[in-house]
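Asker: Sequence first, predicted model second:
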Amino acid sequence: MEHAAHALGPVPVTSAGYLWLIPFLPLLGAAVNGLVGWKLQRVLGKRAVHWIAVAAVAASFAVSVCAFVQLLGLPPEARHLQDTLWNLFTAGRLSVDFAFALDPLSMTMVLVITGIGALIHVFSIGYMADEPAYWRFFCYLNLFVFAMLLLVMGDSFAVMFFGWEGVGLASYLLIAFWYQDPEKAAAGMKAFVVNRFGDFGFLLGVLLLFWALGGAWQPRADRPLRPEYRPAAELNAVAGASTRAEALALAPRVEGVAIGPTLSFRELRDQITVEATGVRERLAGATLWGLPVLALVGILLFVGAMGKSAQLPLYVWLPDAMAGPTPVSALIHAATMVTAGVYMVARLGFLFALSPSAMGWVASVGALTAIFAASIGFFQHDIKKVLAYSTVSQLGFMFIGVGVGAYWAGVYHLVTHAFFKATLFLGSGSVILGCHHEQDMRKMGGLARHMPITRWTYLVACVAIAGFPVANGFYSKDEILWKAFTSRHLALFGAPLPWLGPAIYLLGIVAATGTAFYMYRSYYMTFTGTYRGADGHGHGQGHGAGHGHGTPHESPRTVTWVLAALAAGSVLTLLLGLPALWTGSEPLFERWLAPVLAPVAFAHGSHAQEWLFQGLGVAAATAGWLGARALYRDARSPVPAQLRDRFHRAWKVVYHKYYVDELYAWVVLRPAVRLAKVLAWFDAHLLDGLVNLVGGIARLFAAISDVIDRYAVDWAVNAVAGVTAAAGRSLRRVQTGRIQTYLYGALGGALAVVLLNFLLS
Amino acid sequence: MSIPLPHFLVVGALLFALGLVTVATRRNAVGVLMGVELILNGANVNFVAFERYVGGGVSGQVFALFVIVLAAAEAAVGLAIVLAVFQLSRSIDVRQADLLRE
């Protein structure tokens, strides 16, 4: 990076005291709507439900803005707010807190999540107005915001993992929101299961890192200790702690940094960036089965990011996730959740920066995903599917950014993408609403006349994503590609590959051309020409008919205002990233993030070269735009159909998304289903047989016991009763009721006593 | 003045035995009550005789008087029961008054 490496001391921490409010408010909203929402909706109407939900997120946004102001007031190196709520666990010398931290990186994410989240909540009011389970939708939406905030604000892997799983759950619930439709329920399940694959990698990565850290402060025979690295001996004296304070007191310190195993990002970063601790040296030298541990950790963590952020080969769930309501697609599957992987890589930039191989893999997978998904986007007819593949492709760009080490550019693309992709998704939602829940672009067309606000906002977002310098997308994408081109340190298998950066650039620029093409294609198919929805598949004949019920209409205000706000955001956020080439000073956003990101060195390019590459970026966008305009404007050109017939086979392969889903069905699903069938047979015949056998034996014993009970035990009991009854029957005769009989008895007794007396004496 | 103690004791014993036989054998409830009087008076003879020959005071006589009063009361209660039995079963035969059997 061009700027001076930031101070390498430990990060000073400021306590804020109110950070818990930010995630708590959406949780409260979710709890209220989840527990009593149905009642509120019935008694007070839908208004009460959405007021609670919107107020929760808006309040959370307000608190985030407060935190942002406080953060701005601190000196740049000390921008780290941290609040510890409680101790999760203390084991040995490890102590993990439930703590929230805000530094410039997580602050950016929190502002995006709560800000755009609040706008999308407002959009949902109009979009979901006809939904009977209104309260359930808002409950899930708030729950998602809570989980996402936990993910970005958690100061340790533990809290982040809670959020990581939480957003997966919320995503599942929202994709399968209309669970009565089996296809949508299946899409939800697919998202969840594919995400679990990724989460498994993430968890493995965290555990491996933890394992390596444990080794990182063990003394090693082959590596002499640095003289200032005294703590090793003390660390080997095993002593446990039961509280956080004890754990801290036990940990030896080098230059103010406590050394020892930790899950906290800040502590880990301090240990690695402060060189005197020796942790970095040891981590870099650690190997597992001959492989460098850092590269393994990086790749495993990136597998987690692949799942969450829909990269090759785990991207398949995202296009299917479009089964969910459109606001969900905008919030979760475009603006926030899918960027969790990018955030995670940026957050752990100090780790990735130590391993060129891990960085190389991240950037390469990102580049491949970018071009692969863009090519699928070319021929999709479902407007949301186009946007879904576009999201996958843009996430690829972000991973190029964080992969080559241009962390700020990757995160900046995350922010710009959040704005323009939310606009596009909400715009598509508005179109779908206007066309009476039609998603096929072949049945749209000519909507510019009917839905002017939607049209203009969609166009602004198209300009942004295509990469024209009048909107934000250009600045982030151009920076990413330029950094990719100038990176020389990337590696795949240990040895640096200087050509890898330019190769990634090449893939990226082609993908960028494709991006412009498919986005303008969707724009022209949807908004220009004549409306084709009235008579189904008709081609231009439906313009006269179809008034009344079939006419598309502009969406309600809650929808259009949100669209306008987001489109404005898509333009205004360009101010954050004006390149140094134009203004002479580093972009605002880079300066804002610089203290938290790891410095990575790039090759130096001349100004002329930089101008040239910016020109190339605009040229790529223009090429894509003009191509789409020539082919799809007003639906007049016959060329697309001719081309499709000409290259029918190739078209078919791409149209069917390269048959990846079919491949997965064949390679993963079919064996799984087979195995399930075998196991089902095993279960039905062997296990059930065993269980039935045991049951039969038990029944046999029961029968024997029954016989014994009935004929032996019962007989004895009855016999005792019978004897008693017979004795009673015969003895009752004695009681005659006649006084004189009793007198005879008494006399006889007296006589007997007297006689006995005589006899005994 | 020279009748010795055993004579009295024999008379008392005879009275007791006769009373006991009366109570045990009589069918008439009134007869049974009369038998009870004989038993009590046998005891009275013993009280007085022992007082005279062994104790030397008036306690025996006082006991005897008490027993006489008690016997009068007992006869009254007994006759009332007999009357009630008669009203119930038109008979004072004790063999038929066996409602308390079993």
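Answerer: Noted; the coordinates are in hand.

Asker: and the residue in chain B that chain A sits nearest to, what does it touch?
Answerer: Chain A sits closest to residue B:101 of chain B, with a gap of 2.6 Å, by CB to the nearest CB. From N, CA and C alone the C-beta is placed, and that goes for glycine too. Contacts for residue B:101 (CB atoms under 8 Å, 6 or more residues apart in numbering or on different chains) come out as A:735-738.

Asker: Apart from its neighbours in sequence, what residue is nearest it?
Answerer: residue A:737 (2.6 Å; CB to CB, 6 or more residues apart in numbering or on different chains).

Asker: Repeat that for residue A:526.
Answerer: Closest to residue A:526 by CB to CB, 6+ apart is residue A:444, at 4.7 Å.

Asker: now do residue A:581
Answerer: Closest to residue A:581 by CB to CB, 6+ apart is residue A:610, at 5.2 Å.

Asker: Can you name the helix or strand that the one you found falls in?
Answerer: Counting by DSSP states H and E, the element that carries residue A:610 is helix A:607-632.

Asker: List, one by one, the residues from chain B near chain A.
Answerer: B:20, B:23-25, B:32, B:94-95, B:97-102 (CB under 8 Å from any CB of the partner chain).

Asker: neighbours of residue A:103, just the number please.
Answerer: When counting by other CB atoms under 10 Å in any protein chain shown, one arrives at 23 neighbours for residue A:103.

Asker: so who does it touch?
Answerer: A:11, A:71, A:79-81, A:595-596.

Asker: From those, pick the one nearest chain B.
Answerer: residue A:81 (96.9 Å).

Asker: count of neighbours near the closest one?
Answerer: Other residues close to residue A:81 by other CB under 10 Å number 23.

Asker: Name the residues of chain A found near chain B, please.
Answerer: Within chain A, the positions near chain B by CB under 8 Å from any CB are A:732, A:735-740, A:743-744, A:747.

Asker: how about the CA coordinates for stretch B:17-34, as PDB?
Answerer: What follows is stretch B:17-34, C-alpha atoms only, in PDB (Å, rounded to 0.1, in the frame of the first residue of the first chain):
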ATOM      1  CA  ALA B  17     -74.800 -69.600  94.300                       C
ATOM      2  CA  LEU B  18     -78.600 -69.500  94.400                       C
ATOM      3  CA  GLY B  19     -78.600 -66.100  92.800                       C
ATOM      4  CA  LEU B  20     -76.200 -67.200  90.100                       C
ATOM      5  CA  VAL B  21     -78.300 -70.300  89.300                       C
ATOM      6  CA  THR B  22     -81.400 -68.100  89.200                       C
ATOM      7  CA  VAL B  23     -79.800 -65.600  86.700                       C
ATOM      8  CA  ALA B  24     -78.500 -68.500  84.600                       C
ATOM      9  CA  THR B  25     -81.600 -70.500  84.400                       C
ATOM     10  CA  ARG B  26     -84.600 -68.200  84.700                       C
ATOM     11  CA  ARG B  27     -86.400 -67.500  81.400                       C
ATOM     12  CA  ASN B  28     -88.400 -64.700  82.900                       C
ATOM     13  CA  ALA B  29     -86.500 -61.400  82.800                       C
ATOM     14  CA  VAL B  30     -88.000 -60.300  86.200                       C
ATOM     15  CA  GLY B  31     -86.700 -63.600  87.700                       C
ATOM     16  CA  VAL B  32     -83.200 -62.800  86.400                       C
ATOM     17  CA  LEU B  33     -83.400 -59.400  88.100                       C
ATOM     18  CA  MET B  34     -84.400 -61.100  91.300                       C
END
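
Asker: Show me which residues of it are buried.
Answerer: Residues of stretch B:17-34 classed as buried: B:19-20, B:22-24, B:26, B:29, B:32-34 (neighbour count, 16 or more other CB atoms under 10 Å in any protein chain shown).

Asker: With secondary structure, distance to residue A:438 and pLDDT added, can I get the residues you listed in CSV?
Answerer: As requested, the buried residues of stretch B:17-34 are exported to CSV (DSSP: H, G, I helix; E, B strand; the rest coil; distance: CB to CB, whole Å; pLDDT from 0 to 100):
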residue, secondary structure, distance to residue A:438, pLDDT
B:19, helix, 125, 94
B:20, helix, 123, 91
B:22, helix, 124, 93
B:23, helix, 119, 91
B:24, helix, 119, 89
B:26, coil, 121, 89
B:29, helix, 116, 90
B:32, helix, 118, 92
B:33, helix, 119, 92
B:34, helix, 124, 93
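
Asker: Could you work out the most separated pair of these?
Answerer: B:20 and B:29 (16.4 Å; CB to CB).

Asker: For the stretch 651-761 of chain A, which residue gets nearest to chain B?
Answerer: residue A:737 (2.6 Å).

Asker: re earlier: heading C-terminal from the helix holding residue A:610, find the next helix or strand.
Answerer: Per DSSP H and E, the first helix or strand lying C-terminal to helix A:607-632 is helix A:639-646.

Asker: Can you report phi and psi for residue A:80?
Answerer: Main-chain dihedrals, residue A:80, degrees, to the nearest 10: phi -150, psi 100.

Asker: and it, what does it touch?
Answerer: Taking CB under 8 Å, 6+ apart as the test, what residue A:80 contacts is A:11-14, A:101-103, A:266.

Asker: Same question for residue A:597.
Answerer: Residue A:597 neighbours (CB under 8 Å, 6+ apart): A:105, A:346, A:349, A:407-408.

Asker: What of residue A:15?
Answerer: Contacts of residue A:15 by CB under 8 Å, 6+ apart are A:81-83.

Asker: Next step: those residues restricted to helices.
Answerer: Among the contacts of residue A:15, DSSP state H puts none in helices.

Asker: Same list (the residues you listed) but as a markdown table, adding pLDDT.
Answerer: Shown next, in a markdown table, are those (pLDDT from 0 to 100):
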| residue | pLDDT |
| --- | --- |
| A:81 | 90 |
| A:82 | 90 |
| A:83 | 89 |
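
Asker: After the helix or strand where residue A:724 lies, which helix or strand is next? Please name it.
Answerer: If you go by DSSP H and E, residue A:724 is part of helix A:714-731. Going down the chain from helix A:714-731, the next helix or strand is helix A:739-760, by DSSP H and E.

Asker: Which neighbouring elements make contact with that following helix?
Answerer: Applying 3 or more CB pairs under 8 Å, 6 or more residues apart in numbering or on different chains; DSSP states H and E, we find helix A:739-760 packed against helix B:5-25.

Asker: now the helix it packs on, how far from the centre of its chain.
Answerer: 10 Å (CA atoms, centre = their mean, to the nearest Å).

Asker: just checking, what packs against it?
Answerer: Using 3+ CB pairs under 8 Å, 6+ apart, helix B:5-25 sits against helix A:739-760, helix B:29-50.
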